[in-house]
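[1] Sequence isn't available, so here's the structure alone:
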């Protein structure tokens, strides 16, 4: 996967290196040319001196081939501008923006932009949002047979009841995080775009959970 990282500070560097070591094709954009000194000598990605909201610089970073973009500079406005251009102009499916003011999260969520607030920031969190179709294990009981996993709600589930996920002997929806606020799953809960699900599931039934999420209510899978 080709991923663009906007910002080569501490977080951007860690993210770019992690993606590079994970086998992804990475391009890093930063307005300061000397910022790229943070990257190790074995970094195999490309670097672009410029701004993440400048189309020429984005295209130099391979935006037409990108499947994901993470805007992690030190400025909220720059990050959101880069993220909006990535989503709205280039239609990149996986976009994450780092924000310092978590009160803005709801606004950006409506634009289809996942955000991570600096106060709770870790590189792991942005990885989860870039690769939201992969299960992330949050907890495992001692035997390892039952785990609690985090999954982003697929877009096709928005507007549908989440009841099929809460009443299945193989897995059980426990809670939903919406606009940064977590709530326990209750009967009648309807999914919204941007929801993050926490599901208790038997380890042997992770594939069954993936299939259930791939087929929202009203489709052949339900």
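    Alright, I've got the coordinates. Keep in mind that this is a model prediction, so the values were computed, not measured.
[2] pLDDT below threshold where in this structure?
    102, 105-106, 109, 117-129, 131-138, 140-142, 218-222 (pLDDT under 70).
[3] Toward the C-terminus, what is the element adjacent to the longest helix anywhere in it?
    Using DSSP state H to define each element, the chain has its longest helix at helix 10-21. Downstream of helix 10-21, the first helix or strand assigned by DSSP states H and E is strand 25-30.
[4] List the strands paired with that following strand, with their directions.
    Its sheet considered, strand 25-30 pairs with strand 2-6 (parallel), strand 46-49 (parallel) by DSSP bridges.
[5] Work out the gap between that strand and the centre of the chain.
    17 Å (CA atoms, centre = their mean, to the nearest Å).
[6] List of residues touching that strand?
    Applying CB atoms under 8 Å, 6 or more residues apart in numbering, the external contacts of strand 25-30 come out as 1-9, 12, 16, 19-20, 36, 39, 43-52, 57-58, 61-62, 66, 73. All C-beta atoms are positioned from the backbone trio N, CA, C, and that covers glycine.
[7] for the longest helix of the chain, packing partners?
    strand 2-6, strand 25-30, helix 123-130 (3 or more CB pairs under 8 Å, 6 or more residues apart in numbering; DSSP states H and E).
[8] residue ranges of the strands in this protein, please?
    Listed in chain order, the strands of the chain (DSSP state E) span residues 2-6, 25-30, 46-49, 68-71, 94-99, 114-117, 136-140, 146-152, 171-178, 181-184, 196-202.
[9] Check which helices and strands the fifth one is in contact with.
    The one in question is strand 94-99. By 3+ CB pairs under 8 Å, 6+ apart, strand 94-99 packs against strand 68-71, helix 76-84, helix 105-110, strand 114-117, helix 123-130.
[10] and the longest one, which residues are buried?
    Along helix 76-84, the positions that meet the burial threshold by neighbour count (16 or more other CB atoms under 10 Å) are 76, 78, 79, 80, 81, 82, 83, 84.
[11] Nearest residue to the last one in space, ignoring adjacent ones along the chain?
    Counting by CB to CB, 6 or more residues apart in numbering, residue 111 is the residue found nearest to residue 84 once chain neighbours are left out, at 6.5 Å.
[12] For burial, what's the neighbour tally of the one you found?
    15 (other CB atoms under 10 Å).
[13] Would you map out the domains in the chain?
    2-130, 136-214 (automatic domain parsing).
[14] what about the longest one, distance to the chain center?
    Read it as domain 2-130. That offset, for domain 2-130, works out to 11 Å (CA atoms, centre = their mean).
[15] follow-up on the earlier one: distance check, the residue nearest to residue 84 against residue 98.
    15 Å (CB to CB, to the nearest Å).
[16] Check residue 110 too.
    18 Å.
[17] do residue 24 as well
    19 Å.
[18] Neighbour count for the two, which is higher?
    residue 98 (28 against 17).
[19] Report the spatially nearest residue to that one, omitting neighbours in sequence.
    In space, residue 98 is closest to residue 72, 4.4 Å off (CB to CB, 6+ apart).
[20] Verify the contact between that neighbour and residue 16 for me.
    No: counting by CB atoms under 8 Å, residue 16 is not a contact partner of residue 72; they are 9.4 Å apart.
[21] Can you give me the neighbour number for the spatially closest residue to residue 171 that is not a sequence neighbour?
    Nearest non-adjacent residue to residue 171, counting by CB to CB, 6+ apart: residue 201, 3.7 Å away. Counted by other CB under 10 Å, the residues lying close to residue 201 total 26.
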